[in-house]
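**Q** quick check, what structure comes out for this input:
(chains A and B)
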Amino acid sequence: EAGVAQSPRYKIIEKRQSVAFWCNPISGHATLYWYQQILGQGPKLLIQFQNNGVVDDSQLPKDRFSAERLKGVDSTLKIQPAKLEDSAVYLCASSQVSGGFLAFFGQGTRLTVV
Amino acid sequence: RKEVEQDPGPFNVPEGATVAFNCTYSNSASQSFFWYRQDCRKEPKLLMSVYSSGNEDGRFTAQLNRASQYISLLIRDSKLSDSATYLCVLNKEGGGADGLTFGKGTHLIIQP
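**A** Residues are numbered from 1 along each chain as shown, chains lettered A, B, ... in the order given. You can find the predicted model right below:
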């Protein structure tokens, strides 16, 4: 079974630039999550989709972050403009059902803002 | 009080020893609990779910204490390959929003 695919694996940008990350969840998984993991911290939930609807975006900095999952499959996360403190690994996860059970993570995109 | 608190370690343990660490949580409404393992520069992977009755998977035993609001993980006969960060995880309650809440993790180093 193919896992959660994310791209790019690494990205280096200057502050105030824009960046986008892509995630393709495991086939058939209705729930998709984006997490931000800063070095030395646990992952922090940014947004949760159920199919193509947003269930929770309470921790998403909406002034600069946006995410979409238009057809209920792939998802993109965008940062515009980036700040130094956005340097982190952005992890996408998916699960077949809600409840966080058996959430599978992608390898993540490591973002460095300089 | 933080939602999920863990001792970051590192725990330096000789191979073959038994090691245990706890995690405390603040939200008494939390329903589901997990331990995830994360290797350096890798994604988190589910190690095991945690039940009130306690559950065991080979050398790993997890326990939930709802009254005291903590979960524990015990590793017996530790192997070098057990070296990793162990993340305490619970589900976030409320209105269908159920993304996982992670602790900062406990770093475990098994020494030969």
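**Q** OK, contacts around the closest residue to residue A:54 other than its chain neighbours?
**A** Spatial nearest neighbour of residue A:54, chain neighbours left out: residue A:47 (6.5 Å); criterion: CB to CB, 6 or more residues apart in numbering or on different chains. Glycine gets a C-beta too; all of them are placed from N, C-alpha and C. By CB atoms under 8 Å, 6 or more residues apart in numbering or on different chains, the contact set of residue A:47 is A:33, A:34, A:54, A:56, A:57, A:59, A:60, A:67, A:77.
**Q** please pick the buried ones from the residues you listed.
**A** Buried residues within those, defined by neighbour count using 16 or more other CB atoms under 10 Å in any protein chain shown: A:33, A:34, A:56, A:57, A:59, A:60, A:67, A:77.
**Q** where is pLDDT lowest across those?
**A** Lowest pLDDT of the buried ones among the contacts of residue A:47: residue A:56, 88.
**Q** excluding its backbone neighbours, what's nearest the residue nearest the centre of chain A?
**A** Nearest to the mean C-alpha position of chain A, by CA atoms, centre = their mean, lies residue A:34 at 3.0 Å. Nearest residue to residue A:34 in three dimensions, chain neighbours excluded: residue A:46, at 4.5 Å (CB to CB, 6+ apart).
**Q** got the buried residues for the strand or helix carrying residue A:67?
**A** Using DSSP states H and E, residue A:67 sits within strand A:65-68. Using 16+ other CB under 10 Å as the test for burial, strand A:65-68 gives A:65, A:66, A:67.
**Q** quick revisit: assumed the residue nearest to residue A:54 was part of a strand.
**A** Yes - applying DSSP: H, G, I helix; E, B strand; the rest coil, one finds residue A:47 inside a strand.
**Q** for residue A:12, name its beta-bridge partners.
**A** Judged by DSSP bridges, the bridge partners of residue A:12 are residue A:112.
**Q** please apply the same query to residue A:90.
**A** For residue A:90, the beta-bridge partners are residue A:36, residue A:109 (DSSP bridges).
**Q** now do it against residue B:56, distance only.
**A** Distance of residue A:90 to residue B:56, given as CB to CB, to the nearest Å: 34 Å.
**Q** more neighbours, these two?
**A** Comparing residue A:90 with residue B:56 by neighbour count (other CB atoms under 10 Å in any protein chain shown), the higher total belongs to residue A:90, at 24 against 12.
**Q** wait, doesn't the more buried one sit right on residue A:34?
**A** Yes - with contact defined as CB atoms under 8 Å, residue A:90 counts as touching residue A:34 (6.6 Å).
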